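**Student:** okay, sequence plus prediction incoming.
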Amino acid sequence: MKKLITLVAALTLSASAFAEVVVDHPYARAVPPGQPNSAAFMSLKNNSNEEIALVSASTSVAEVAELHTHTHADGVMKMRRIPQITLQANSEVELKPGGLHIMLIGLKRDLAKDEMIDLTLNFSDGSSEKLDIQVMDVMAGMGNMKMQHDHDMNKNIQPQ
């Protein structure tokens with residue numbers, strides 16, 4: 001009986017160690033019919049005392065899910081693939097339009113507003129989080145993004 005209690009305690013502790021990243025407000029962007037790509041956004045909170053990184057993602061609705069960031073160079077906003085999104089100990093990182101995000105590339109079907117899609121997040125500590133996330137309007141989530149208006153209104157977003 002003592003061995004069983006020890007085993008249950010060990011499993012409970014190891015399960016809680018894998019639940020150290022909390023995902024909050026995840027959503028994917030609805031896109032017009034025929035659009036080949038979309039993106040997913042969320043807040044990731046690392047509740048541990050150790051650095052953890054989001055190292056990959058996957059979904060059944062796209063051929064590829066890549067971690068991306070935006071950079072500004074010569075007046076052009078460009079998306080760039082990155083190897084990981086680092087979550088410092090006891091910190092929070094926002095994945096949002098115009099910043100860090102998960103690109104859903106090669107959509108296998110159109111993503112309609114209010115539907116739910118699967119998304120799996122894989123972390124450097126070996127844990128993963130399987131999510132069902134809502135698809136929201138194109139402009140949803142843009143409310144927190146500060147839009148910069150200037151004379152150059154022809155800035156393009158160019159994937160690299």
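**Tutor:** Good, I have the coordinates.
**Student:** residue 52 is in contact with residue 22, correct?
**Tutor:** No: using C-beta atoms under 8 Å, residue 22 is not in contact with residue 52, being 11.4 Å away. (Glycine included, C-beta is placed from N, CA and C.)
**Student:** more neighbours, the two?
**Tutor:** Neighbour totals were compared for residue 22 and residue 52, and residue 52 leads with 22 against 12 (other C-beta atoms under 10 Å).
**Student:** contacts only, for that one.
**Tutor:** Applying C-beta atoms under 8 Å, 6 or more residues apart in numbering to residue 52 gives the contacts 20-21, 46, 86-87, 123-125.
**Student:** can we see that at 10 Å?
**Tutor:** Contacts for residue 52 (C-beta atoms under 10 Å, 6 or more residues apart in numbering) come out as 20-21, 44, 46, 84-89, 91, 123-125, 127.
**Student:** ok, so of those, who is nearest residue 65?
**Tutor:** Set against residue 65, the nearest of the contacts of residue 52 by C-beta to C-beta is residue 85 (12.5 Å).
**Student:** wouldn't the closest one be in contact with residue 102 here?
**Tutor:** Yes: with contact defined as C-beta atoms under 10 Å, residue 85 counts as touching residue 102 (8.8 Å).
**Student:** helices of the protein, start to end?
**Tutor:** 2-17 (DSSP state H).
**Student:** so where is it shaky, pLDDT-wise?
**Tutor:** Counting by pLDDT under 70, the chain has low-confidence residues at 1-19, 138-160.
**Student:** in it, where's the longest strand?
**Tutor:** For the chain, the strand with the greatest residue count under DSSP state E is strand 62-73.
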